[in-house]
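K.L.:
any chance you can model this:
(chains A and B)
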Amino acid sequence: MRTYYLKRLSMGALLIFSVSILVFSMMHMMPGDPIDLMVDRRVSQDRRDALRKEYGLDRPLITQYVDWAGKILLHGDFGIAIRTKQPVNDQLSRRIPISLKLCGLMFLFELIIAVPLGLICAYKKDSWIDRIITNISLVMTAVPNFWLCVILIIIFSVKLKWLPISGYEQARNWVLPVASGVLGGVSGTIRLTRSETIDAMRQKYVVTAYAKGLPHRAVVVGHVLRNALILITVLMCMSIPWLISGAVITERMFGIPGMGHLLINSIVMQDYSVVQACVLIITTLTVAFNILGDILIGLLDPRIRIAQTEGAQ
Amino acid sequence: MSDTPAGLFLSRSLKNVNFMIGFIILLSIVLTAVFAPSIAPFNYDEPHKADRFTAPNSTYWFGTDDFGRDQFSRVVYGARITLQVAIVGTLIQVLLGVTVGLLCGFYGGAIDRILMYLTDVTWCVPGTVLALAVVTVLGKSLMNSIIAISLVNWAGYARVVRAKTMSLKNMPFIETAVAFGERRPIIMLRYILPNMVPALIVLISMNLPGTILSTATLSFLGLGSQPPSPDWGLAISQGMTYVTRCVWLGVFPGLALVYTVVGVNLLGEGLRDLLDPNIG
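P.N.:
Got it, this is the predicted structure:
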């Protein structure tokens, strides 16, 4: 088992390393001189050279990469934003908690709403309630997240005037952003829960449980639910990074100053050191949650644990 | 008629409700795009200074915007852009994915490991974020946003094509081709590829909604199509600017987008039943 974890972790580290090279070289392939982003075009060549030296942009790319990656690894320091001339860390540390709060709330509500609905669909398969829920969730997958935000704003802020359009200080500011994220993500989770549960109900151990005379409720709770929820937990865990990237749009729409907002602003301003940092952080989270998901499913499901152990040898 | 393979397919698809509804929706969009100049009452960037911010009425079915441009005409012309996104995006993704998948599956070994690692790398960055990074490098335009989305989405094709190639290359008819002295590129293109066409069609229909929605998202963020393009994503962001004054600006282009994606989804579900019961 330990070999499997080690293999998985080192694979994850290698992936993050590759992405860091990819992101770094991409940002340096950008057309134009980064110095042009910092100062006016009329600034003298001497001043430009001095700036280039100050930011270390005159050194070979490999040296720059090693320096950049080393600082992140050793000190968690993402350098200085080339446009705003502030440390990237200062900007990030203000914004990450806001993004985490948004994603956490979205995840929580998605779980509370989607899993029970998916279970109802599975238990009442092909009934009218199942048809209604699956059809609505099918249409919801076709609705782009940003348009959903617009519609929610039109209904609840402009027409009904119940909720504010933007801001993030008060609880009522968070209702629409969280609702848009949940409505966008809920359909996928409902369909996942439904198919996993139906799958679990078809297993032979369920037939055995009925055959040995267990009451319906005991079979559902003890056999079907227990098995279906394992995979649902893990897949939800793996979906967290996608929640983060979805929050990029939501933050932009509702003017919530989180990491996604920072990312898009930095892209528009071509502030590449900030873009690098954001992409790297989101990638690391993605890889980390995927590994966590793999480890979790091994802990929860002995069949998979055995397969993992054999696969690692 | 129904005893030929094509006739059989036709009679089965006529019975498939999802496929037919999706097909009719898509056909309506293609026709709208092709005949946009005859359908739209005005040109998409023709300003009517006297009629700025008009609510939907009998002249301007979907209202007008800050320049007094007819929104109905803009939505109609926007179908052309969506069609362009769908065709160009799919072409890039299929070309990249099929090439990589075929090479990996057929040759195996080091090529396979390197290329598959590359797809792993693109998969561990969430799509929207990677596309945003690519657009940062390439610059803002519709074509660049299509390229960015395609660079993010090709890996799915590569995986399926690779798996299919690996299972096909050990079939007796490939051995026969080898025995007849066919060259490897010919085997890949004329023996293996045709056997994957149904799976590829299903895969395209499954990827198309994502391609359309992601490109619209980039345009919405101001990183794709630039004004005065009638792009639906861009139109929604313009509608968002005036959301408190004129609600209609954001609603109609979004409805057009949802209509399109629902159509593609239904067509995809139908195709999956008709062509390949094993996928998905």
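K.L.:
check contacts around B:Lys169.
P.N.:
Residues counted as contacts of B:Lys169 (C-beta atoms under 8 Å, 6 or more residues apart in numbering or on different chains) are B:105-106, B:192. Every C-beta, even on glycine, is put in place using the N, C-alpha and C of the backbone.
K.L.:
recalculate using a threshold of 6 Å.
P.N.:
B:Lys169 makes contacts with B:Phe106, as judged by C-beta atoms under 6 Å, 6 or more residues apart in numbering or on different chains.
K.L.:
and the residue of chain B positioned farthest from its centre, how far is that from B:Pro172?
P.N.:
Using C-alpha atoms, centre = their mean, the residue of chain B lying farthest from its centre is B:Ala179. It sits 39.9 Å away. For B:Ala179, the distance to B:Pro172 equals 10 Å [C-beta to C-beta, to the nearest Å].
K.L.:
where's stretch A:282-302 relative to the chain centroid, distance-wise?
P.N.:
Centroid displacement of stretch A:282-302 relative to its chain, using C-alpha atoms, centre = their mean, to the nearest Å, is 13 Å.
K.L.:
with adjacent residues omitted, what lies nearest to the residue of the stretch 51-200 of chain B found nearest chain A?
P.N.:
Of all residues in the stretch 51-200 of chain B, B:Pro126 sits closest to chain A, at 3.7 Å by C-beta to the nearest C-beta. Closest residue in space to B:Pro126, ignoring its immediate chain neighbours: A:Ser245 at 3.7 Å, by C-beta to C-beta, 6 or more residues apart in numbering or on different chains.
K.L.:
the strand or helix carrying A:Ser273 packs against which elements?
P.N.:
Following DSSP states H and E, the helix or strand that holds A:Ser273 is helix A:272-300. Helices and strands touching helix A:272-300, as assessed by 3 or more C-beta pairs under 6 Å, 6 or more residues apart in numbering or on different chains; DSSP states H and E, comprise helix A:2-28, helix A:88-123, helix A:226-254, helix A:259-269, helix A:302-312, helix B:127-138.
K.L.:
pLDDT of the last one, averaged?
P.N.:
I take that to be helix B:127-138. Taken as a whole, helix B:127-138 has an average pLDDT of 82.
K.L.:
what parts of the stretch 151-280 of chain B come near chain A?
P.N.:
B:213, B:216-217, B:220-221, B:236, B:240, B:243-244, B:247, B:250, B:254, B:257-258, B:261-262, B:265 (C-beta under 6 Å from any C-beta of the partner chain).
K.L.:
Provide the backbone phi and psi angles at residue 44.
P.N.:
Answering for chain A, as no chain was given. A:Ser44 adopts backbone torsions of phi -70, psi 160, taken as degrees, to the nearest 10.
K.L.:
switch to chain B, please.
P.N.:
Torsion angles, degrees, to the nearest 10, at B:Tyr44: phi -70, psi -20.
K.L.:
could you list the low-confidence segments of the stretch 1-150 of chain B?
P.N.:
B:1-3 (pLDDT under 70).
K.L.:
A:Val221 and A:Ala211, how far apart?
P.N.:
With C-beta to C-beta as the criterion, A:Val221 and A:Ala211 are 18 Å apart.
K.L.:
B:Ala110 too?
P.N.:
Relative to A:Ala211, and taking C-beta to C-beta, B:Ala110 is found at 52 Å.
K.L.:
kindly report the same for B:Leu189.
P.N.:
54 Å.
K.L.:
A:Met106 and chain B, how far apart?
P.N.:
Per C-beta to the nearest C-beta, to the nearest Å, A:Met106 is found 14 Å from chain B.
K.L.:
nearest residue to that residue in space, please, no chain neighbours.
P.N.:
Nearest non-adjacent residue to A:Met106, counting by C-beta to C-beta, 6+ apart: A:Gly181, 3.9 Å away.
K.L.:
pretty sure that neighbour is touching A:Leu105, no?
P.N.:
No: counting by C-beta atoms under 6 Å, A:Gly181 does not reach A:Leu105; the two are 8.1 Å apart.
K.L.:
these two: which has the busier surroundings?
P.N.:
A count of neighbours by other C-beta atoms under 10 Å in any protein chain shown puts A:Gly181 above the other of A:Gly181 and A:Leu105, at 26 against 17.
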